[in-house]
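Peer 1: Only the shape, not the letters, is given here:
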């Protein structure tokens, strides 16, 4: 059996896409919605995968690195394109580093990054 919990949060940031032929090659911004899912095959002594309060704090620590910035100036996006897919991958990698510190059997199973109401990129493990 696998248990999964998810938390949503938001950040606002600008970006532009390199090597893109279209409007998105110009600087523009989004109010990004992020959903992180944490999974485990076991529950804590209290019956949690992870406390939502802790998950929110971990997410905000990472999203604060992007919030109200030009994402193109934030590592690693100073060298890779700040697409929704790459942002989702970045968030997954950063969250993995943090969530494992709370319990060694936790992992990030999915990250969704919405750059608009109808456009979402997912990274799934």
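Peer 2: That came through fine. Quick caveat: nothing in here was measured; it's all calculated off a predicted structure. Numbers count the residues shown, from 1 in each chain.

Peer 1: Pull out the buried positions in whichever strand or helix holds residue 94.
Peer 2: Per DSSP states H and E: residue 94 is located in helix 84-102. Neighbour counts over helix 84-102 (16 or more other CB atoms under 10 Å) mark 84, 86-92, 94-95, 98-99 as buried. Where you see a C-beta, it was placed from the backbone N, CA and C, and this is true even at glycine.

Peer 1: Please tabulate these in a markdown table, including the columns distance to residue 1.
Peer 2: Listed next are the buried residues of helix 84-102 as a markdown table, based on distance: CB to CB, whole Å:
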| residue | distance to residue 1 |
| --- | --- |
| 84 | 31 |
| 86 | 33 |
| 87 | 31 |
| 88 | 26 |
| 89 | 27 |
| 90 | 30 |
| 91 | 26 |
| 92 | 23 |
| 94 | 28 |
| 95 | 22 |
| 98 | 25 |
| 99 | 19 |
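
Peer 1: Go through these and name the one nearest residue 34.
Peer 2: The nearest member of those to residue 34, counting by CB to CB, is residue 91 at 6.2 Å.

Peer 1: Since that was my last question, I'll sign off now.
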